[in-house]
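Q: Prediction below, plus the sequence it came from.
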Amino acid sequence: MTGRRQLQDKVIDRTHTHALGLNLRHLRAFTAVAAAGSIARAADEQLFRVASGVTRSISELEGALGRPLFDRGPRGMALNSYGDLVLLRARRIEREFEDARAQLVARGGIGASADVHSLFASILNGRRLAVIASLVEKRNMPAVAREFGITQPAISSALKDLEGGLGVALLERRTRGLVPTPAGEIVAFHFKRVLAELRHIGPDIAASEGMLQGSVNVGALPLGRTQILPQAIASLLARHPGLHVATVESPYDALAASLRSGDIDFILGALRSSADARDLQQEALFEDRISVIARAGHPLARAARVDFDALRQATWALSRQGTPSRELLERFFSAACEAPPVPAVETGDLAVLRGLLLESDMLTAISAHQLRHEIRNASLVVLDFPLDETRREIGLTQRLGAFPSPGARALMQEIRAVVARSPDFRPKPANRRR
């Protein structure tokens with residue numbers, strides 16, 4: 001293993017351990033002291049705990065983070081720059097718990113006067129959050145036990161404590177295994193978002209000291225995978241080897257769900273309509289259109305003119321029904337009052353599509369950027385049949401109201417720089433939209 005890889009693994013392990021090990025009760029004490037300006041006032045007026053216990057919570061939180069969070073003086077305690085960073089995340093965590101409480105109340109079974117801190121008192125740290133969220137997602141207790149290296153009785157105990165505090169069941173045992181209740185889905189969703197905030201605390205502090213670290217999880221749609229994202233990642237990691245980047249390749253709906261729950265930091269790819277992205281923030285970077293592509297020796301590559309009749313007689317390999325490129329192609333043909341191509345092959349795998357084009361006389365219609373390398377080395381060609389009406393915006397999608405980690409912000413900035421300096425893209429003016 002190289003020294004750089006060892007450094008990355010240590011950074012990832014340390015960040016992950018901090019996120020799972022941070023005590024949520026300590027964070028609650030921290031926000032109370034920050035608001036009150038003193039341990040005594042926070043203990044008496046907000047936390048209803050003895051002052052010595054609050055002092056211990058603050059000390060243990062500072063020890064876990066390896067930084068002081070307050071400037072202590074005769075007039076009380078004032079947040080320092082590290083404390084300001086932690087407070088931002090701690091308040092976002094409290095809002096997630098409050099949103100979870102409000103949704104549980106709306107579904108019934110929990111009184112409207114229920115206190116959020118009492119409801120989630122059994123969730124002591126990020127590790128328990130992760131266990132419960134994973135259990136709801138995987139629906140398999142033995143798998144979760146293996147994932148976290150704990151016993152099934154320990155998981156059952158944690159689940160029982162939480163359900164007892166909430167007064168509602170989160171999972172039901174059925175013949176086919178565990179099934180989340182509506183309350184379980186709500187709790188897991190917000191627990192994941194809390195975990196995302198916890199994961200960012202360490203990297204926030206490191207970035208304030210001039211070092212980018214931690215993990216960035218990117219939802220990668222097809223168009224950005226060939227050129228933009230690889231260039232951006234390579235450039236960023238050359239300067240900041242302490243970062244770790246993971247890409248997630250899934251259909252848009254799955255990526256959007258992961259974005260909303262905090263599992264991924266942002267999506268790079270084709271933007272959606274405002275109706276499909278009401279709770280998301282979209283930023284257009286450039287415009288793209290699909291092209292008709294074939295192998296270099298294809299008969300249509302030598303044709304003086306390519307028309308609808310020639311395309312209708314061709315054999316096609318297209319993306320699956322409902323994908324953006326397929327819908328754009330079908331709308332183009334419909335607007336021209338022509339029947340769209342009926343594909344012989346439907347695939348979402350670029351490697352399969354590339355092989356079909358190179359080994360046969362099949363045509364496809366996707367963005368030329370996705371087959372950039374083959375077009376540049378002249379093994380594939382774009383046919384002279386413009387599809388200008390298939391233009392679409394390509395860009396970045398974030399969760400509305402999210403506050404990404406420093407690493408995620410840096411990677412998005414690097415993606416913008418790749419697009420800005422490349423002649424292959426048609427740049428868009430600065431444009432952020434919901």
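A: Received, thanks. Every value quoted in this text rests on a predicted model; they were computed, and no experiment measured them.

Q: which residues are contacting stretch 318-329?
A: Outside stretch 318-329, the residues that touch it by CB atoms under 8 Å, 6 or more residues apart in numbering are 251-252, 270, 290, 340-341, 343, 345-348, 364-367, 387, 390, 392. Using the backbone N, CA and C atoms, a C-beta is placed for each residue, glycine as well.

Q: Put the buried members of the residues you listed into a PyMOL selection.
A: Buried members of those, defined by 16 or more other CB atoms under 10 Å, are picked up in PyMOL with:
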select buried, resi 252+270+290+340+341+343+347+364+365+366+367+390+392
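
Q: Next, the distance between the ends of stretch 70-81.
A: Taking CA to CA, to the nearest Å, stretch 70-81 runs 8 Å from one end to the other.

Q: Can you list the buried residues in it?
A: F70, M77, L79.

Q: Sort out which of the contacts of stretch 318-329 are in helices and list them.
A: Y252 (DSSP state H).

Q: and the next element down the chain from the worst-scoring helix or strand of the chain on mean pLDDT?
A: Least confident helix or strand of the chain, by mean pLDDT, DSSP states H and E, is helix 3-21 with a mean of 47. Moving toward the C-terminus from helix 3-21, the next helix or strand (DSSP states H and E) is helix 24-36.

Q: what's in contact with that next one?
A: Residues contacting helix 24-36 (CB under 8 Å, 6+ apart): 39, 42, 45-47, 49, 54, 57-58, 60-61, 64, 69-70, 77, 79, 83, 86-87, 90-91, 93-94, 117, 120-121, 123-126, 129.

Q: Point out the ones among the buried residues of stretch 70-81 that are inside strands.
A: F70, M77, L79 (DSSP state E).

Q: By pLDDT, give me the weakest of the residues you listed.
A: Here the lowest pLDDT out of these sits on M77, with 94.

Q: Spatially, what comes nearest to that residue if we skip its sequence neighbours?
A: Using CB to CB, 6 or more residues apart in numbering and skipping the chain neighbours, the partner closest in space to M77 is F70 (4.2 Å).

Q: what comes up buried for stretch 162-169?
A: Buried-residue list, stretch 162-169, by 16+ other CB under 10 Å: L162, E163, L166, V168.

Q: Could you export the residues you listed as CSV, including pLDDT and secondary structure?
A: Below are these laid out as CSV (pLDDT from 0 to 100; DSSP: H, G, I helix; E, B strand; the rest coil):
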residue, pLDDT, secondary structure
L162, 93, helix
E163, 92, helix
L166, 91, helix
V168, 92, coil
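
Q: now do the same end-to-end measure for stretch 297-315.
A: So stretch 297-315: terminal residues 15 Å apart, CA to CA.

Q: Contacts for it next, please.
A: 292, 294-295, 336, 338-339, 341, 344, 360-363, 381, 383-385.

Q: quick revisit: give me the beta-bridge partners of the residue nearest to M77?
A: Here F70 sits in beta bridges with L79, going by DSSP bridges.

Q: In contact with it, which residues?
A: F70 neighbours (CB under 8 Å, 6+ apart): V33, A34, I58, M77, A78, L79, N80, G83.

Q: Any stretches of the chain with poor pLDDT?
A: 1-19, 426-434 (pLDDT under 70).

Q: residue farthest from the centroid of it?
A: Distance from the C-alpha centroid of the chain, by CA atoms, centre = their mean, peaks at A304 (46.8 Å).

Q: T390 against F332, yeah?
A: Yes - judged on CB atoms under 8 Å, T390 makes contact with F332 at a distance of 5.4 Å.

Q: got the phi/psi numbers for the residue nearest the centre of the chain?
A: Taking CA atoms, centre = their mean, the centroid of the chain lies closest to I264, which sits 1.4 Å from it. Per-residue torsions, I264: phi -120, psi 160 (degrees, to the nearest 10).

Q: can you pull the buried residues of stretch 404-415?
A: Buried residues in stretch 404-415, counted by 16+ other CB under 10 Å: P404, S405, P406, G407, A408, R409, A410, L411, M412, E414, I415.

Q: Please apply the same query to stretch 255-275.
A: 255-256, 258-272.

Q: for stretch 232-245, same thing?
A: A232, I233, L236, L237, H240, P241, G242, L243, H244, V245.

Q: Quick check: strands, which of the residues you listed are part of them?
A: Using DSSP E, the subset of those located in strands is L243, H244, V245.

Q: Please tabulate those in JSON lines, including the columns distance to A158.
A: JSON lines is the format used below for these (distance: CB to CB, whole Å):
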{"residue": "L243", "distance to A158": "32"}
{"residue": "H244", "distance to A158": "28"}
{"residue": "V245", "distance to A158": "32"}
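
Q: so which of those comes closest to L212?
A: Each of those was checked against L212 using CB to CB; the closest is L243, at 5.3 Å.

Q: who's that closest one bridged to?
A: G214.

Q: State the pair within the buried residues of stretch 232-245 that is farthest apart.
A: A232 and G242 (16.8 Å).

Q: Tell me the secondary structure of C337, please.
A: Following DSSP: H, G, I helix; E, B strand; the rest coil, we place C337 in the coil state.

Q: Give me the distance between it and R305.
A: As judged by CB to CB, to the nearest Å, C337 and R305 stand 19 Å apart.

Q: And for L129?
A: Using CB to CB, which is the criterion applied here, L129 is 62 Å from R305.

Q: Those two: who's more crowded?
A: Each of L129 and R305 has its neighbours counted (other CB atoms under 10 Å); L129 has more, 27 against 8.

Q: Would you quantify the distance from the nearest residue to the more buried one once chain neighbours are set aside to V144?
A: Nearest non-adjacent residue to L129, counting by CB to CB, 6+ apart: F191, 4.5 Å away. Separation of F191 from V144 (CB to CB): 13 Å.

Q: So if I had to pick from those two, which one is more boxed in?
A: F191 (27 against 22).

Q: For that one, give me the backbone phi and psi.
A: Per degrees, to the nearest 10, the backbone of F191 is at phi -60, psi -40.

Q: tally of neighbours for F148?
A: 17.

Q: Equivalent analysis for Q281, please.
A: 16.

Q: quick one: it is in a helix?
A: No - checked against three-state DSSP, Q281 lies outside a helix; its state is strand.

Q: my guess is it meets R399, correct?
A: Yes - if you go by CB under 8 Å, Q281 and R399 touch, sitting 7.2 Å apart.
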